[in-house]
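1. Here you go, sequence then predicted model.
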Amino acid sequence: MTANAVEPFRVVFVCTGNICRSPMAEVVFRALADSAGVGDRVVSTSAGTGDWHVGERADERTLDALSRRGYDGARHRARQFGMADFSRSDLVVALDRSHERILRGWAHSDTDADKIALLLSFDASAPTLDVPDPYYAHEAMFDEVLGMIESASRALFRQLEPALRPAP
């Protein structure tokens, strides 16, 4: 590592099974960082609170919704959030309040708990704090959820971007 190297900002997005909402957020946030020219300064990952889908690809409807908007989620493989995610992340973003409660219950310290935030809390225009789970809904719901995630991710990125820019 060179003297001028800066550790990347690490964010993990968390939903239930890591096959619908959190992979969308991971991919969208990565695309925002890349398009702003700070992709090398951000690590965007995702995880689930449960282990039901570990190792699986994102839900096909998730991949289709992402593709329709020009994103590529094909490389995603589901994983479960682990305690090490607190220490290796700067920000832990829950997709709804149930995930937030679980994560706060898992936090071993105030430092861990202070890293937890709800994605929609960054979007002043969001009508709720919970990104709805589209898993049992119709395909169009995946597009609606992706729209919510895009809006909130842009708001989150706007807050973080100044700190991600290299010092002059």
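-> Here it is on my side, so go on.
2. So for the lengthiest helix in the chain, what gets flagged as buried?
-> Longest helix of the chain, by residue count under DSSP state H: helix 139-164. Within helix 139-164, the residues scored as buried using 16 or more other CB atoms under 10 Å are 141-143, 145-146, 148-153, 155-157, 160, 164. Backbone N, C-alpha and C define where each C-beta goes, glycine included.
3. Is R57 in a helix, a strand, or coil?
-> Under the three-state scheme (DSSP: H, G, I helix; E, B strand; the rest coil), R57 adopts coil.
4. Look at it and say how many residues are nearby.
-> 16 (other CB atoms under 10 Å).
5. any idea how far T45 is from it?
-> Counting by CB to CB, to the nearest Å, the gap from R57 to T45 is 16 Å.
6. do the same with R79
-> On the measure of CB to CB, R79 and T45 end up 8 Å apart.
7. what mean pLDDT does stretch 54-74 have?
-> Averaging pLDDT along stretch 54-74 yields 97.
8. just how off-centre is it within its chain?
-> Once both centres are worked out by CA atoms, centre = their mean, to the nearest Å, stretch 54-74 turns out to sit 14 Å from its chain's centre.
9. do stretch 151-168 as well
-> Worked out by CA atoms, centre = their mean, stretch 151-168 lies 14 Å from the chain centre.
10. how about it as PDB, C-alpha atoms only?
-> Output of stretch 151-168 as PDB, limited to C-alpha atoms (Å, rounded to 0.1, in the frame of the first residue of the first chain):
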ATOM      1  CA  SER A 151     -33.800   7.000  -5.100                       C
ATOM      2  CA  ALA A 152     -32.600   6.300  -1.500                       C
ATOM      3  CA  SER A 153     -29.200   5.100  -2.800                       C
ATOM      4  CA  ARG A 154     -28.700   8.400  -4.700                       C
ATOM      5  CA  ALA A 155     -29.600  10.300  -1.500                       C
ATOM      6  CA  LEU A 156     -27.100   8.200   0.500                       C
ATOM      7  CA  PHE A 157     -24.400   8.600  -2.100                       C
ATOM      8  CA  ARG A 158     -24.900  12.400  -2.200                       C
ATOM      9  CA  GLN A 159     -24.200  12.400   1.500                       C
ATOM     10  CA  LEU A 160     -21.100  10.200   1.200                       C
ATOM     11  CA  GLU A 161     -19.600  11.500  -2.000                       C
ATOM     12  CA  PRO A 162     -17.700  14.500  -0.600                       C
ATOM     13  CA  ALA A 163     -15.800  12.200   1.800                       C
ATOM     14  CA  LEU A 164     -15.100   9.800  -1.100                       C
ATOM     15  CA  ARG A 165     -13.500  12.400  -3.300                       C
ATOM     16  CA  PRO A 166      -9.700  12.500  -3.200                       C
ATOM     17  CA  ALA A 167      -8.200  15.500  -1.300                       C
ATOM     18  CA  PRO A 168      -6.900  18.200  -3.700                       C
END
